[in-house]
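[1] With the sequence up front, the predicted model follows.
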Amino acid sequence: MPPPTENDEGEEERASLRELLAQPNAISLSDVERAYADYLEHAFPSLFLSRTSFLFYLARHNILKEASGGGDLVKDLLSIERCILRSSPHLTTNYLFLGDYVDRGRWGFEVFLYLAVAKLLNRDRVFLLRGNHEFRLTQEKYKFKEELLLKYGSTYGLKFWDLVNYVCDRLPVCAVVGGALFAAHGGIPFSLTDLGTINQQTPRVLPEPDRVAPWVWQMLWNDPMDWARFLEAAQLQKVVPSAANYTYMYLFNAKRGTAYVFNDYAAAAFLKANRLQAIIRAHEVPEELGVRFNFPGRLCTTVFSCSHYTNRMNNECSVLLVGGEGRIRVLRIDTRLNKPAMM
């Protein structure tokens, strides 16, 4: 199956990466890096083998963020570190990342390593969810695999790619925060909506979630849509919204070419059935402030923590602080000096 479509500037990004690596100071694999590669081969698997269930529950006081490799997330991570990770590496708050650690940028592997080390140092404080780019077909299209091959050659490039995806296949896809918030990269699923059943029926290892567990694929790719645009989409798809087949709540996601869009009726029904208050997700770039409240009553919030996304946008980034009783505060991160990575 070909990977779903997004706004594809992949060829331009690949040309920029090749130009970077053709410079005299291009990255090469030293003896130290080869030793580090061998170490990673043994350290990476141990990071996630202790996970005993698909869906996990986190206590209060969490920081939630999208961590896309597009733009220059290396600088954004350092900005976030200065603002909210001051006690690193000894963290006292839980940090939940919402996926998309690779692709669409120059430093996808470095971003992934940064987060993997943070997890290694703080196993009970740092949590990584899977995004729609933690998936082999997507990475082959949006250049993460090519990034590794260009940087490290075929032997170690493929080894690093296999190691990263070994971890990605085992990443959880959703979390419940503080007993009140549902967190996932894309959104709520259509084909299976009870979290208890999802937890029981989802395999722990998922190289191909689109084929084995469609509800997981939907949580990676689904998008919220306000009611007015939902009705327009239904008209374009020649669908009359009906309670009989849930088309009054979900429609095919034509923009992505896969999965579904969901409206506020779907969000409210999902939250009521699972006794939760709100949905936190990423997957889309809010136009300005790094955060968007998708539905009335803040039923769904989109957060994005990567500035200058795809190196063409001037978007800011934010993170969310979750306090007692599921209260959410938006923390904007000053990234005005973080230039796009592909300039």
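    That came through, no problem.

[2] Could you list the low-pLDDT ranges of the stretch 151-300 of the chain?
    Applying pLDDT under 70 to the stretch 151-300 of the chain flags residues 288.

[3] Which parts of it are strands?
    Assigned strands in the stretch 151-300 of the chain, in chain order: 174-177, 181-184, 223-224, 250-252, 260-262, 278-281, 291-293, 300-303 (criterion: DSSP state E, counting those that start in this stretch).

[4] May I have the distance across stretch 220-240, first residue to last?
    26 Å (Cα to Cα, to the nearest Å).

[5] who's in contact with the residue lying closest to G131 once chain neighbours are set aside?
    Spatially, and ignoring its direct neighbours in sequence, G131 is nearest to G99 (2.2 Å; Cβ to Cβ, 6 or more residues apart in numbering). In short, each C-beta sits where N, CA and C put it, glycine included. Counting by Cβ atoms under 8 Å, 6 or more residues apart in numbering, G99 touches 66-67, 128-134, 171, 185, 220, 282-283.

[6] can you list those residues in CSV and add distance to G290?
    Listed next are those as CSV, based on distance: Cβ to Cβ, whole Å:
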residue, distance to G290
E66, 9
A67, 12
L128, 19
L129, 18
R130, 21
G131, 16
N132, 19
H133, 19
E134, 21
L171, 23
H185, 16
L220, 21
A282, 10
H283, 13
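
[7] Give me the PyMOL select line for those, limited to the buried ones.
    Selecting only the buried entries of the contacts of G99 in PyMOL, with 16 or more other Cβ atoms under 10 Å as the criterion:
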select buried, resi 66+67+128+129+130+131+132+133+134+171+185+220+282+283
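
[8] Among the contacts of G99, which lie within helices?
    Judged by DSSP state H, the subset of the contacts of G99 located in helices is L220.

[9] which one of the contacts of G99 is nearest V205?
    Nearest to V205 out of the contacts of G99 is L171 (Cβ to Cβ; 10.3 Å).

[10] Quick check: the gap between the residue nearest to that closest one when sequence neighbours are not counted and T155.
    In space, and not counting its chain neighbours, L171 is closest to R130: 3.9 Å by Cβ to Cβ, 6+ apart. In this structure, R130 lies at 27 Å from T155, with Cβ to Cβ, to the nearest Å as the measure.

[11] quick one: F144 from T92, how far?
    32 Å.

[12] who has more neighbours, these two?
    Using other Cβ atoms under 10 Å as the criterion, F144 and T92 rank with F144 on top: 27 against 8.

[13] show me the contacts for the closest residue to that one other than its chain neighbours.
    Using Cβ to Cβ, 6+ apart and skipping the chain neighbours, the partner closest in space to F144 is V102 (4.1 Å). Contacts of V102 were listed using Cβ under 8 Å, 6+ apart, and they are 69, 108-109, 111-112, 133-134, 139, 144, 147, 164.

[14] element containing V102, please.
    Under DSSP states H and E, no helix or strand contains V102.

[15] tell me the phi and psi of it?
    Main-chain torsions, V102, degrees, to the nearest 10: phi -130, psi 170.

[16] What's the separation between it and H133?
    Plainly put, V102 is 6 Å away from H133 if you go by Cβ to Cβ.

[17] before we move on, what about Q139?
    Distance from Q139 to H133, counting by Cβ to Cβ: 6 Å.

[18] For the two, list the residues in contact with both.
    Contacts common to Q139 and H133, judged by Cβ under 8 Å, 6+ apart, are 102-103.

[19] ok, and the closest non-adjacent residue to L231?
    The shortest distance from L231 to any non-neighbouring residue, by Cβ to Cβ, 6+ apart, is to P241 (7.4 Å).

[20] In this structure the one you found contacts Q235, no?
    No: with contact defined as Cβ atoms under 8 Å, P241 does not count as touching Q235 (9.8 Å).

[21] ok, back up a step: reformat the strands of the stretch 151-300 of the chain as TSV; add distance to T193 and mean neighbour count.
    Converted to TSV, the strands of the stretch 151-300 of the chain look like this (distance: least, Cβ to Cβ, whole Å; neighbours: other Cβ atoms under 10 Å):
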stretch	distance to T193	mean neighbour count
strand 174-177	12	23
strand 181-184	11	26
strand 223-224	15	22
strand 250-252	10	21
strand 260-262	10	26
strand 278-281	12	24
strand 291-293	22	17
strand 300-303	15	24
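
[22] Same list (those strands) but as a markdown table, adding distance to I198.
    Listed next are the strands of the stretch 151-300 of the chain as a markdown table, based on distance: least, Cβ to Cβ, whole Å:
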| stretch | distance to I198 |
| --- | --- |
| strand 174-177 | 8 |
| strand 181-184 | 11 |
| strand 223-224 | 19 |
| strand 250-252 | 16 |
| strand 260-262 | 16 |
| strand 278-281 | 15 |
| strand 291-293 | 25 |
| strand 300-303 | 18 |
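
[23] Relative to L206, which of these is closest?
    Counting by Cβ to Cβ, L206 lies closest to strand 174-177 out of the strands of the stretch 151-300 of the chain; the figure is 12.7 Å.
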